[in-house]
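*Asks:* Compute the structure for the input listed below.
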Amino acid sequence: MSLKFPKKNLAIAVFIVLAQLCRNSEAITNSSTCNQSCVYDALSIFYNSTNGEQWKTSDGWLDRSLPAKKWFGISEFFDMKTSMTYYSIFLPNNGLNGTIPFGHNWTFPNLATLVVPNNPGIVGTIPDSISEYSFLKKINLRETNIIGSVPTGFFSLSHLEIADLKSLDMTGHNIVPEWGLMTSLKELHLQGTNVIGGLPVELFNLLNLEELNLSNNPNIEGTLPSEIGNLKQLKVARLDRTGLAGIIPSVFFELPALEKINLSRNKNLLGSIPDTINRLNMLREFNIEYCSLTGTLPAFSGSKNLTSLKLSYNNFTGSIPGNFLNITSTTTEPVIVDLDSNYLSGLIPQNLDRFSFLDINLANNLITDLPSTLCANEGWIGGMVATFGCDSILCPPGTYNSEGRQVSNETPCEICESSCYFGAIGLSCDAKDEPCQTNSPTIPPTMVPIETYPPTVLPTFLVTSPKPSSFPSIVLTNLPTSLRASNSPSVDAGDGSIASFLPTFMPNRVSNNPQIESPTTTPTKLPSITIVGTVIPTEAPTTLGSIDTNFFSEESDSSGFVENSYVLFTPSHQQPLQQNYLP
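*Replies:* Predicted coordinates:
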């Protein structure tokens, strides 16, 4: 059965409904928009709150005979979808002093952009009432003196696409999970804010994020969560100079949009760079220097736009791939390749001859061959090859200097017969030095494969004042079943037990020999040993570590060290006592 209304009553009912809808719509519009007079009032409040009379430039401000967009630093745009006019304040480095009047009767709902960086006179905090400015798409407060945590109201800004809070003082505050609510966010800049703690997995719910910058926050700790693999739109990842540790998840090197990566100076970052990085065809800059990465050097064969590759001061081993950078299309533009201070061996690939302007640094490696044809590239090393020839690429064996290559008239490659490889640095040479024995074995600083045995870093034992009387016990696991140590009269006989081990442990660093407990062996793990805490003498160094690379090695039948030795320390890099291969 259908209901019927008289036509007159139906018309009245429709009118009432439409009128109510119009009133509701008007109420919504009035509460969320700002007419011209309202805009003038809002900008005037902002001017007075930030001491506008002292600005470097304030042309047009407070002149209501001019449209607001004629005031210096103000722009407007009309959005046809919402039929609203939005306003932007753009006043970087303009001498603003005072506070941004959030929550101080500052009615400016049409504000879409607030960009006031490099105004150190701006002080105060970000109030929770910032949530009232719901149309904000971009906020840039970097290099101001705003302090404190990000308030809860900030995370309700559902339209916000760029949040740049660089160098705000957030000392002692965490990166909170609420960041994951801002799903419109495309750029997040928290570098140098002194935030602490781990990275919440909710942060990686920001599926539209294109740039993430958390650099220069040494108190960020923990590992890089594997959930970072969710950020398929991520183009720029800057996580350098933090306290991140552990293995870099392999999914990070599979993010297809990555153009710039900086994980440098995180000394406790471990693992290797997987070959999947060769698929990053958008990659332009890659910096992971001063970390603790191991493994072989990828070819970066898919990175056709790569212009800067910095992997210095790691523990990469093996030779440089023959197809290294073989697809890079920027052969006529300057390209930076820094592989300084690793354990790369063999020759420099001939195919690098295709680059006209290459600044490559391979000093302090184990390079044994430098093709002479590379020395004809006069545009290499900033033009230094044209002046100093091969020496500007690497000092030859039998010579050295402080940089491993000649880059000025004041830094020639000097004679040193004990330098074995191209690019020797930091040697102390005199007439008593013995000539280099080119056939002497090289023990690379690697242990069991990281892919098989995930790493855990042991504590570093610092000698403080007053000096402690002992240091804690150390448990080393996943050691090879057959071990050999210098000056050790008794080692494993092959049955997995170690009756006597390391009678002289760290000479001149402990007053008596540590006690070694018998290892335990399981079918799935290599044996472990425990070094019991012992007394530290007064002449102990500032750190316990940097032991000779022959400290732990797999024993060979010839009483020498096999090529794939099991080494715990990298003395040339002066790393603290650590064992990176615990389960």
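
*Asks:* average model confidence for stretch 185-192?
*Replies:* The average of the pLDDT scores along stretch 185-192 is 98.

*Asks:* And for it, what's in contact with it?
*Replies:* Residues outside stretch 185-192 that contact it (CB atoms under 8 Å, 6 or more residues apart in numbering) are 142, 160-167, 170, 175, 179, 206, 208-217, 233, 238. For glycine as for every other residue, the C-beta is placed from the backbone atoms N, C-alpha and C.

*Asks:* Can you list the neighbours in contact with stretch 119-134?
*Replies:* Contacts for stretch 119-134 (CB under 8 Å, 6+ apart): 32, 50-51, 91-100, 102-103, 108-109, 111, 116, 136, 141, 143-148, 150-154, 156-159.

*Asks:* Pull out the buried members of those residues.
*Replies:* Among the contacts of stretch 119-134, those scoring as buried are 50, 91, 94-100, 102-103, 108-109, 111, 116, 136, 141, 143-144, 146, 150-151, 153-154, 156-157 (criterion: 16 or more other CB atoms under 10 Å).

*Asks:* Quick check: strands, which of the residues you listed are part of them?
*Replies:* 97-98, 111, 146 (DSSP state E).

*Asks:* What is the most widely separated pair among those residues?
*Replies:* 97 and 111 (20.3 Å; CB to CB).

*Asks:* With the flanking residues excluded, which residue is spatially nearest to residue 348?
*Replies:* Among residues not flanking residue 348 along the chain, residue 370 sits closest, at 5.5 Å (CB to CB, 6 or more residues apart in numbering).

*Asks:* ditto for residue 106
*Replies:* residue 45 (5.2 Å).

*Asks:* ditto for residue 170
*Replies:* residue 193 (4.3 Å).

*Asks:* returning to that earlier point: give me the number of neighbouring residues for the residue nearest to residue 348.
*Replies:* Residue 370: 18 surrounding residues under other CB atoms under 10 Å.

*Asks:* Look up how far residue 421 lies from the closest residue to residue 244 other than its chain neighbours.
*Replies:* Of all residues not flanking residue 244 in the chain, residue 266 sits nearest, at 5.0 Å (CB to CB, 6+ apart). Using CB to CB, to the nearest Å, we find residue 266 at a distance of 28 Å from residue 421.

*Asks:* Residue 130 falls within a helix, correct?
*Replies:* Yes - applying DSSP: H, G, I helix; E, B strand; the rest coil, one finds residue 130 inside a helix.

*Asks:* could you check the distance from it over to residue 269?
*Replies:* 35 Å.

*Asks:* do residue 124 as well
*Replies:* 36 Å.

*Asks:* Name the residue in these two with the higher neighbour count.
*Replies:* Of the pair residue 124 and residue 269, residue 269 is the one with more neighbours under other CB under 10 Å, namely 24 against 16.

*Asks:* wouldn't that one be in contact with residue 263 here?
*Replies:* Yes - the pair residue 269 and residue 263 qualifies as a contact (CB atoms under 8 Å) at a distance of 6.2 Å.

*Asks:* Common neighbours of these two, please.
*Replies:* 244, 248, 288, 291.

*Asks:* rewinding a little: let's have the ones in strands among the buried ones among the contacts of stretch 119-134 in CSV, adding distance to residue 414 and pLDDT.
*Replies:* Output for those, formatted as CSV (distance: CB to CB, whole Å; pLDDT from 0 to 100):
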residue, distance to residue 414, pLDDT
97, 56, 97
98, 60, 96
111, 64, 94
146, 53, 96
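
*Asks:* Quick one: these as a markdown table, columns for distance to residue 395 too.
*Replies:* Converted to a markdown table, those look like this (distance: CB to CB, whole Å):
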| residue | distance to residue 395 |
| --- | --- |
| 97 | 55 |
| 98 | 58 |
| 111 | 60 |
| 146 | 50 |
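
*Asks:* Helices of the stretch 1-150 of the chain, residue ranges please.
*Replies:* Secondary structure of the stretch 1-150 of the chain (DSSP state H, counting those that start in this stretch): helices at 7-32, 36-49.
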